[in-house]
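A.B. asks: How does the following fold in three dimensions:
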Amino acid sequence: MPNTKAELCVTIVSILIEVLNLGEQFGIYFAQKAEEMDEMKERQFFFIILSIGAITLLKSLCRNERTKIGISFLIEIGELLSYLLILERTLAVIIISSTFFGLQFVCYSITFYLVKTDDKTPTLEHRLKGFLRHLLFYSILNCSPLLTLFLNSESRFRQTLYEVSAIIGIFLSSMIYEIPMEARSVMNTWINRMRVQIETEQASLTPLDFREFMKNTAFT
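C.D. replies: Sure, this is the predicted structure:
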């Protein structure tokens, strides 16, 4: 498979992984709502996704792409165990968490096989500063959802719409370092594809131009 196609495939699968991750969180949340769990279990769910989001930022410290994928998969294992061991192990929670984990395992296997290591990674000092900056930004963004967890369940800030928006906010804030990387990866993939296409067209046109030149020379 050409590099451009492999890079595009890795980008698409990586985005699919994030979509599956968000879908899993929504599934677990609504499964708990359907079972009418107590307030403590609802708080524990949000504590889990807040912790997972913070741990995800550790990937920005790694240089090797395959190491990042390995850490991501370990985080998914931790998330699965958290759902099964901390929350109520209802049938819905078991089915949702296991299904999404299986789909993500397949996606991680594909990206691990196709991804290319990047030699142009920042220095450790630069990565550490970036991690601390992202962690501070993540903490500031999620102060409000964290504080609202301690409000009474009758509060308007504990309604379903607000809690759904909090899940989306936590999810997006955990990806603050990955979104620019994914956008840059897509851009580089299309640039490489256009370069290859131009070089191919130039290579195919050169013999024709030479034959045309020889034909014109023969007539003159």
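A.B. asks: Output the below-cut-off pLDDT ranges for this structure.
C.D. replies: For the chain, the stretches with pLDDT under 70 are 1-4, 117-122, 176-220.
A.B. asks: what about the strands in it?
C.D. replies: In the chain, no strands are defined using DSSP state E.
A.B. asks: any idea where the helices of it begin and end?
C.D. replies: Residue ranges of the helices in the chain, as given by DSSP state H, are 3-35, 39-56, 65-85, 91-114, 124-141, 143-148, 160-173, 178-219.
A.B. asks: Point out the one among the ones you listed that comes closest to Glu154.
C.D. replies: Glu154 sits nearest to helix 39-56 of all these, at 10.6 Å, using C-beta to C-beta. Where C-beta positions appear, they are placed from N, C-alpha and C, glycine not excepted.
A.B. asks: Which positions within that closest one qualify as buried?
C.D. replies: Across helix 39-56, burial judged by 16 or more other C-beta atoms under 10 Å covers Glu42, Gln44, Phe45, Phe46, Ile48, Ile49, Leu50, Ile52, Gly53, Ala54, Thr56.
A.B. asks: what's the closest of the residues you listed to Ile77?
C.D. replies: For the buried residues of helix 39-56, the nearest to Ile77 is Ile52 (11.1 Å; C-beta to C-beta).
A.B. asks: Relative to Gln25, how far out is the nearest residue to that closest one once chain neighbours are set aside?
C.D. replies: Closest residue to Ile52 apart from its sequence neighbours, by C-beta to C-beta, 6 or more residues apart in numbering: Glu79 at 5.2 Å. Per C-beta to C-beta, to the nearest Å, Glu79 is found 9 Å from Gln25.
A.B. asks: Phe137 now?
C.D. replies: As judged by C-beta to C-beta, Phe137 and Gln25 stand 20 Å apart.
A.B. asks: who has more neighbours, those two?
C.D. replies: A count of neighbours by other C-beta atoms under 10 Å puts Gln25 above the other of Phe137 and Gln25, at 24 against 14.
A.B. asks: dump the residue contacts of the more buried one.
C.D. replies: Ile49, Ile167, Phe171 (C-beta atoms under 8 Å, 6 or more residues apart in numbering).
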